[in-house]
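[1] Sequence and predicted structure below; questions after.
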Amino acid sequence: MDAAALPPASPSISWHDAAGAVHTARWRSEAGLAPPRRVVPVDDTLTADAAFRWAHEGTAMLWQGDYHNARQLLQALGRRLDKRRAGAGGAAPAFPEAFHKHRMALGQRARVLAQVLVPLEAPYAIPLRRAPDVQAACEEAWGPAEGPSVVSLRELLGLVGAHEWRRRGVPIAALGGASIHPHYGVFSPVRGEYVQLVADTPLPAACTAEPLAWDLGTGTGVLAAVLARRGLQVLAIDTDPRALACAGENVARLGVASSVTVQAVDLWPEGRAPLIVCNPPWLPGKPAAPIEAAVYDPDSRMLRGFLAGLAGHLSPGGEGWLILSDLAEHLRLRSREQLLGWIEAAGLVVLGRGEVRPGHRKAQDREDPLFVARSREVTGLWRLGSRSS
């Protein structure tokens, strides 16, 4: 590996081998982490205790031993982090302090576990004993290989997991059990309750004369597919290239491509529609990684942008469907009064609201630090209309 093989704008990572020679490779981090300043080549002789100390000091460890032993080391580091967190004990702080403490702990965990690195030789081959074939997973996420690179093992495992999700698909009850195949970096529709709300809510009367809907922030295209199967022409909008490719592939696979147009637009297209659906990130906050952009909405920008622009884009008698969990309210990150104030200030009225309780595992996990809030969570579909209609 040498610097001459690197693309000009790529961040790089360097280390010394046992003979003192300098090696350089491309640094990959979907989370946007800077290349580690200190990198030490290690192998199977490294103990978990020593790795734990180095990781906390910010020393990255480039694995050169058996691949499965590297995975076992990562698991050992995770157990040590869990044990340390459990040992902290004490009474749980009140929300939102508990939420911020939880996110800080997750961030610290991610930083420590990211210190175990693995090399990748073109075309995305891991030059380690008993290493799996990860070429397809890497190409799906990053495109064709551009020389040697280095990535954290934890992130590489995430790529492999995403590849399996994409290969197998996620069955969607609202689509008759047909599957959505999420791409890497595109949030998977594992929360099926909100998809069912969109499938079951009666369409606005205005859709009878104009069977058109917009799906703002389409992601995997799951809601666009549901609306298309309800007989509507759908404009599916997103700004993320991965989401646009994912949505296009899914609507084609589901046989509704003739009813769905996938378009790159920053929230609002031109014109009006009788039904505009938006499922914005549910929690106000800054994403710590690109994949978290589907969960965290800084200062509720997308939510407020949707509400502020909705009245000006609805056809007469049209409806905007806002799909939103109230978890932020239980975490005291946003109040119901604040949401209603934004709705009123945008010249909107609430026409109705359907709701359903989530069925995901964390809602029943009493060991989860946010269990109290999650156990009270309700996902709602707010039917909004223009006050001037």
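    Happy to help now that I have it. Residues are numbered from 1 along each chain as shown.

[2] Okay, domains of this protein per the record?
    3-165, 170-386 (automatic domain parsing).

[3] Format those as CSV; extra columns: mean neighbour count and mean pLDDT.
    Quick note: C-beta positions are derived from backbone N, CA and C, even for glycine. Rendered in CSV, the data for the domains of the chain read as follows (neighbours: other Cβ atoms under 10 Å; pLDDT from 0 to 100):
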stretch, mean neighbour count, mean pLDDT
domain 3-165, 16, 89
domain 170-386, 19, 94
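
[4] which residues does Ser179 contact?
    168-172 (Cβ atoms under 8 Å, 6 or more residues apart in numbering).

[5] Take those and keep only those in helices.
    Arg168 (DSSP state H).

[6] which stretch of helix or strand covers the nearest residue to Ala141 once chain neighbours are set aside?
    Excluding the flanking residues, the one nearest Ala141 by Cβ to Cβ, 6 or more residues apart in numbering is Tyr184, at 4.1 Å. Using DSSP states H and E, Tyr184 sits within no helix or strand.

[7] ok, Tyr184 - contacts?
    137, 140-141, 159, 162-163, 166, 242.

[8] Gly158 now?
    Contacts of Gly158 (Cβ under 8 Å, 6+ apart): Glu30.

[9] Quick check: which element contains it?
    Short version, using DSSP H and E: Gly158 is in helix 153-168.

[10] Relative to Ile13, how far out is the nearest residue to Leu128 once chain neighbours are set aside?
    Distances taken as Cβ to Cβ, 6+ apart put Tyr67 closest to Leu128, at 4.3 Å, once the chain neighbours are dropped. Tyr67 sits 19 Å away from Ile13, going by Cβ to Cβ, to the nearest Å.

[11] What of Ser386?
    From Ser386 over to Ile13 (counting by Cβ to Cβ), the distance is 54 Å.

[12] What segments of the stretch 51-200 of the chain are helices?
    Per DSSP state H, counting those that start in this stretch, the stretch 51-200 of the chain carries helices over the ranges 67-88, 97-113, 135-142, 153-168, 192-200.

[13] quick one: which of these is nearest Ser300?
    helix 97-113 (15.2 Å; Cβ to Cβ).

[14] Helices of the stretch 201-350 of the chain, start to end?
    206-209, 222-229, 241-253, 301-310, 327-330, 336-345.

[15] Out of those, which gets nearest to Gly78?
    Of all the helices of the stretch 201-350 of the chain, it is helix 327-330 that lies closest to Gly78, at 25.5 Å by Cβ to Cβ.

[16] CA atoms only: put that closest one into CSV for me.
    Extracted as CSV, the C-alpha positions of helix 327-330 are listed here (Å, rounded to 0.1, in the frame of the first residue of the first chain):
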residue,chain,number,x,y,z
LEU,A,327,-41.4,9.8,21.6
ALA,A,328,-39.9,13.3,21.6
GLU,A,329,-42.7,14.5,23.9
HIS,A,330,-42.1,11.7,26.4
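
[17] Need the residues that contact it.
    Here helix 327-330 makes contact (Cβ under 8 Å, 6+ apart) with 95, 282-284, 334-336, 339, 372-374, 376-377.

[18] chain center to that helix: distance?
    Between the centre of helix 327-330 and the centre of its chain there are 19 Å (Cα atoms, centre = their mean, to the nearest Å).

[19] got it, and stretch 188-200?
    On Cα atoms, centre = their mean, the centre of stretch 188-200 falls 16 Å from the chain's centre.

[20] What of stretch 273-291?
    10 Å.

[21] What sits closest to Ala206 if chain neighbours are left out?
    Distance criterion Cβ to Cβ, 6+ apart; nearest residue to Ala206, sequence neighbours excluded, is Pro274 at 3.6 Å.

[22] so how far is Arg109 from Ala288?
    Counting by Cβ to Cβ, the gap from Ala288 to Arg109 is 11 Å.

[23] what's the answer for Asp44, then?
    Per Cβ to Cβ, Asp44 is found 24 Å from Arg109.

[24] Same check on Tyr194?
    Per Cβ to Cβ, Tyr194 is found 28 Å from Arg109.

[25] before we move on, what about Gly219?
    Gly219 is 26 Å from Arg109, by Cβ to Cβ.

[26] if we can go back for a sec, dump the helices of the stretch 201-350 of the chain to a markdown table, plus distance to Pro358.
    Output for the helices of the stretch 201-350 of the chain, formatted as a markdown table (distance: least, Cβ to Cβ, whole Å):
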| stretch | distance to Pro358 |
| --- | --- |
| helix 206-209 | 28 |
| helix 222-229 | 16 |
| helix 241-253 | 23 |
| helix 301-310 | 19 |
| helix 327-330 | 9 |
| helix 336-345 | 18 |
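
[27] contacting residues around Gly169?
    Taking Cβ under 8 Å, 6+ apart, we find Gly169 in contact with 179-181.

[28] okay if I get those residues as JSON lines plus distance to Cys278?
    Converted to JSON lines, the contacts of Gly169 look like this (distance: Cβ to Cβ, whole Å):
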{"residue": "Ser179", "distance to Cys278": "24"}
{"residue": "Ile180", "distance to Cys278": "18"}
{"residue": "His181", "distance to Cys278": "23"}
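
[29] Those residues in strands, which ones?
    179-180 (DSSP state E).

[30] Closest to Arg304 out of the contacts of Gly169?
    Ile180 (27.9 Å).

[31] Check whether that closest one really touches Leu223, as I assumed.
    No: look at Ile180 against Leu223 with Cβ atoms under 8 Å: they stay out of range, at 10.2 Å.

[32] if we can go back for a sec, the residue nearest to Leu128 and Arg167: what is the separation?
    Counting by Cβ to Cβ, the gap from Tyr67 to Arg167 is 21 Å.

[33] Run through the residues that contact the residue nearest in space to the middle of the chain.
    For the chain, Ile291 is the residue whose C-alpha lies nearest the centre (Cα atoms, centre = their mean; 3.1 Å). Listed by Cβ under 8 Å, 6+ apart, the contact set of Ile291 reads 30, 185, 187.
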